[in-house]
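Chemist: I need the structure of the sequence given here:
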Amino acid sequence: MGNEKSQSAQENRGTAGVGRRSLLGAAVLGAGAAALAAPTTASAADRGSGGNHSGQGVKGLPVPTVIGHRGASGYRPEHTLGSYQLALDMGAHVIEAGDIVPTKDGHLVCRHEPEIGGTTDVSAHPEFASRKTTKIIDGVSTTGWFTEDFTLAELKTLRAKERIPGNRQRNTLYDGRWEIPTFEEVLAWRAEQSRKRGREVWIYPETKHPTYFRKLGLGLEERLAKILRAHGLHRKNSPVILQSFEPTSIQRLNKLVDNPLAVLLSTAGSRPADFVDIGDPRTVADLITPKGLAEIARYANGIGPTLDLIIPKDASGKLLAPTTLVEDAHAAGLILHPYTMRNENTFLPADFKKGTDPNAYGDAFGAFKAYYATGIDGIFSDNCDTALLAREDFVNG
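Modeler: This is a model prediction of the structure:
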């Protein structure tokens, strides 16, 4: 799930959701019940094949589902074919490939944000120096280079680089190795890998800033739907889950394709950008009430909440008791795929930090266990190998 999705504490709603391990197999839509009925066999199969989805759509995904966040972005520059491939090879059940943004000439490419100064070598290209500018995107002033100011041919002259080199210096070894992939190229890669593996490879694209781009005449949903239809990947059981932080984008996609859909949810006090644009006063806190969840369930299959909406933190960064969001979402018939687990101390709850180096690995296994125990249906992780091992411990536990 594409935004950095800053996390905030939500009020403590008590201990509901703890001890839901025994309910995971039937928690929502029957997802993964067979996998959990025979956990030893299932976990080994999941690690080796990425999960046996057996043509059942989201109902066939293992629970909890491990989703490679922007690929294997803990080890390779994000949203590159190299990152996607590594996540798949590690055994991730689903690959977040990718965050969808448009080019000037209307192609869809995969980048975390339309601003590409931090994820490509564009600043080293003097021919593009004059393209650097400042824009307001969803109310935030951002300076850099933007995909919508480049043709696809121009973007293909750039190379991807590590977005957070201060935290992941080793990943800079791969700077310059991969291009910016188009969504068409991702689908070609997905089809090739599906043939090689004898099963459908799942992906989880996100529409990025759809209201912003629609105002520029670069509407994302219609372009995305057209591509999915051309590849026969627009159906209910197609191995493509679509997500967005803007509920109206998901509502629009719901009218264009039959894919499983998920509404992403940022911090409790935040407002989706489309709500701000149309004057809807509701916040995420309103959307995660039983009433709000019931409304989402009318047009979506699931939600992607920030982890703090599942288990809030206190002022020191330690985990409090889980909220009732898992229980409430399941009662509305929604699956939950929260974001984002990372192994480094700087990204972990205070309970699971180890040592003083913010970039060293902490007790990620302990953190995964805490989140899995709430009954979530899956999780986005930069380190899908760690997520899979933690899942194996949890399922076998």
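
Chemist: please make it C-alpha for all contacts and neighbour counts, starting now.
Modeler: Will do.

Chemist: and the next helix or strand past the longest helix along the chain?
Modeler: The longest helix of the chain (DSSP state H) is helix 183-197. Next helix or strand after helix 183-197 toward the C-terminus (DSSP states H and E): strand 202-203.

Chemist: let me see the residues that make contact with the next helix-or-strand element following that following strand.
Modeler: As assigned by DSSP H and E, the chain's next helix or strand after strand 202-203 is strand 206-207. By Cα atoms under 8 Å, 6 or more residues apart in numbering, the residues outside strand 206-207 that reach it are 1-2, 98-101, 220-221, 242-244, 249.

Chemist: what of stretch 215-230?
Modeler: Residues contacting stretch 215-230 (Cα under 8 Å, 6+ apart): 100-102, 106, 108, 184, 207, 210-211, 213-214, 234, 249, 252-253, 256-257.

Chemist: F275 and D286 touch, don't they?
Modeler: No: with contact defined as Cα atoms under 8 Å, F275 does not count as touching D286 (12.0 Å).

Chemist: before we move on, back to that, give me the buried positions along the longest helix of the chain.
Modeler: Using 16 or more other Cα atoms under 10 Å as the test for burial, helix 183-197 gives 183-184, 186-187, 189-191, 193.

Chemist: stretch 137-149 now?
Modeler: Within stretch 137-149, judged by 16+ other Cα under 10 Å, the buried ones are 144-149.

Chemist: please pick the buried ones from the contacts of strand 206-207.
Modeler: Buried among the contacts of strand 206-207 (16+ other Cα under 10 Å): 1-2, 98-101, 220-221, 242-244, 249.

Chemist: these in strands, which ones?
Modeler: Among the buried ones among the contacts of strand 206-207, the members falling in strands (DSSP state E) are 99-101, 242-244.

Chemist: picking that back up, let's have the buried ones among the contacts of strand 206-207 in TSV, adding pLDDT and distance to A153.
Modeler: As requested, those are arranged in TSV below (pLDDT from 0 to 100; distance: Cα to Cα, whole Å):
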residue	pLDDT	distance to A153
M1	49	27
G2	43	24
G98	86	19
D99	95	19
I100	98	17
V101	98	15
L220	98	19
E221	98	22
L242	98	26
Q243	98	27
S244	98	27
S249	98	28
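
Chemist: got the residues you listed as a markdown table, with distance to G302 columns?
Modeler: Formatted as a markdown table, the buried ones among the contacts of strand 206-207 follow (distance: Cα to Cα, whole Å):
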| residue | distance to G302 |
| --- | --- |
| M1 | 13 |
| G2 | 16 |
| G98 | 18 |
| D99 | 18 |
| I100 | 19 |
| V101 | 22 |
| L220 | 20 |
| E221 | 18 |
| L242 | 10 |
| Q243 | 9 |
| S244 | 11 |
| S249 | 14 |
